[in-house]
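S.K.: Next comes the sequence, and after it the predicted model I'd like to discuss.
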Amino acid sequence: MLSITLATFGTMYLVLCVAVFSLQRSLLYPAPQRAQPLSEGGGFSRLPLEGSLYVDLFHLPAPPGAPTVVHFHGNGEQLLTQTGLGTLMHERGLGFLAVEYPGYGASPGSPTEKGLYAAAEAALTWIRAKGVTVQQTVLSGRSLGTGVAVEMARRGHGARVMLVSPYTSIPDIGASAFPFLPVRLLARDWFDTASKAAWVPQPVLIIHGEEDDLIPVAMGRKLGTLFPHAVVETVAGAGHNDVLEDMARVRKHRMASFALGEP
């Protein structure tokens with residue numbers, strides 16, 4: 001009887017592991033969809049990728065000589081939800097570029113860590129062709145997008161980095177949520193920010209809600225000790241989805257000030 005019970009539980013555990021391995025990307029990338037492609041104009045344009053893929057861009061050019069914020073959004077967002085942040089940055093005298101992910105919005109393809117990096121690097125190459133230098137580029141990410149921003153910083157693409165609700169790695173989040181699973185063996189996309197932090201010499205601003213129940217604030221604080229030059233600012237009473245959404249837009253203005261060169 002004991003052997004049968006152990007075999008049953010073992011089989012159930014194996015099935016659960018297979019299900020997690022197979023379904024993890026649908027959980028990591030909810031990928032909000034749009035029925036209609038964006039019309040070009042009003043700051044929107046289309047960036048071709050390899051093959052027949054493309055991603056949409058939202059770009060507000062900077063005044064001459066001013067920095068441009070290149071922003072990578074969270075996993076439950078899409079490009080259209082970034083226009084408010086872009087407008088505020090532009091009002092503060094900054095340029096703004098938001099990049100869609102493959103498989104998000106109306107962009108074809110399926111999101112993967114490698115695919116997000118490819119879209120981000122293509123967008124940075126595009127902005128270079130517009131005359132925006134590395135020293136004029138401020139990399140920005142929120143939630144999932146912080147892993148993209150850090151990878152681009154590690155590759156030398158920006159002079160400053162802003163991270164809203166960052167994580168140490170995707171397996172760390174998974175292990176916290178599912179401690180009974182071998183998450184590190186099952187993970188397909190790592191976005192391992194913690195291991196890259198030492199290789200990011202740029203000034204880094206970290207903003208994290210103290211009541212974040214999705215990505216614990218402890219991860220943001222830990223990253224603050226791993227980047228060579230980081231400032232961590234926690235927001236009392238804020239969770240994961242409302243950390244930038246105060247009525248006075250204090251934290252968004254803080255980001256703009258940092259992008260303009262303040263400590």
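M.R.: Structure received.

S.K.: Please name the bridge partners of the residue nearest to P263 when sequence neighbours are not counted.
M.R.: Nearest non-adjacent residue to P263, counting by Cβ to Cβ, 6 or more residues apart in numbering: V231, 7.0 Å away. All C-beta spots, glycine's among them, are computed from the backbone N, C-alpha and C. V231 has these beta-bridge partners by DSSP bridges: L205.

S.K.: who touches V231 in this structure?
M.R.: 203-206, 224, 263 (Cβ atoms under 8 Å, 6 or more residues apart in numbering).

S.K.: And these, which of them are buried?
M.R.: 203-206, 224 (16 or more other Cβ atoms under 10 Å).

S.K.: Dump the contacts of V231 to TSV, plus distance to T193.
M.R.: What follows is those, written out as TSV (distance: Cβ to Cβ, whole Å):
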residue	distance to T193
P203	16
V204	11
L205	14
I206	11
G224	12
P263	22
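
S.K.: Minimum pLDDT in these, which residue is that?
M.R.: Of all these, P263 has the smallest pLDDT value, namely 82.

S.K.: Return the distance of that one relative to A248.
M.R.: 21 Å (Cβ to Cβ, to the nearest Å).

S.K.: Please apply the same query to V148.
M.R.: Distance from V148 to A248, by Cβ to Cβ: 28 Å.

S.K.: can you check L186 too?
M.R.: For L186 relative to A248 (Cβ to Cβ), the value is 42 Å.

S.K.: Between these two, which has more neighbouring residues?
M.R.: Taking neighbours as other Cβ atoms under 10 Å, L186 and A248 compare with L186 leading, 16 against 7.

S.K.: these two touch, right, the more buried one and L23?
M.R.: No - judged on Cβ atoms under 8 Å, L186 makes no contact with L23 at a distance of 10.5 Å.

S.K.: can you give me the helices for the stretch 1-150 of the chain?
M.R.: 2-28, 83-91, 113-129, 144-154 (DSSP state H, counting those that start in this stretch).

S.K.: could those go into JSON lines alongside distance to G43, mean neighbour count and mean pLDDT?
M.R.: JSON lines is the format used below for the helices of the stretch 1-150 of the chain (distance: least, Cβ to Cβ, whole Å; neighbours: other Cβ atoms under 10 Å; pLDDT from 0 to 100):
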{"stretch": "helix 2-28", "distance to G43": "28", "mean neighbour count": "11", "mean pLDDT": "70"}
{"stretch": "helix 83-91", "distance to G43": "7", "mean neighbour count": "18", "mean pLDDT": "97"}
{"stretch": "helix 113-129", "distance to G43": "13", "mean neighbour count": "18", "mean pLDDT": "97"}
{"stretch": "helix 144-154", "distance to G43": "19", "mean neighbour count": "26", "mean pLDDT": "98"}
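
S.K.: could you dump these to a markdown table with distance to M255?
M.R.: Below are the helices of the stretch 1-150 of the chain laid out as a markdown table (distance: least, Cβ to Cβ, whole Å):
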| stretch | distance to M255 |
| --- | --- |
| helix 2-28 | 25 |
| helix 83-91 | 8 |
| helix 113-129 | 18 |
| helix 144-154 | 12 |
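
S.K.: Spatially nearest residue to the spatially most central residue of the chain (excluding sequence neighbours)?
M.R.: The centre of the chain sits closest to G145, judged by Cα atoms, centre = their mean, with a distance of 0.4 Å. Excluding the flanking residues, the one nearest G145 by Cβ to Cβ, 6+ apart is F72, at 3.2 Å.

S.K.: Neighbours of the one you found, how many?
M.R.: When neighbours are counted by other Cβ under 10 Å, F72 comes out with 28.

S.K.: Please give me every residue in contact with it.
M.R.: F72 neighbours (Cβ under 8 Å, 6+ apart): 98-99, 116, 120, 139-142, 144-146, 148-149.

S.K.: Nearest to G174, out of those residues: which one, please.
M.R.: Among the contacts of F72, L144 lies closest to G174 (Cβ to Cβ), at 13.3 Å.

S.K.: what's near enough to touch the closest one?
M.R.: 28-29, 72-75, 191.

S.K.: count of neighbours near the closest residue to K130 other than its chain neighbours?
M.R.: Spatial nearest neighbour of K130, chain neighbours left out: P61 (7.4 Å); criterion: Cβ to Cβ, 6+ apart. Neighbours of P61 under the rule other Cβ under 10 Å: 16.

S.K.: Many thanks, have a good one.
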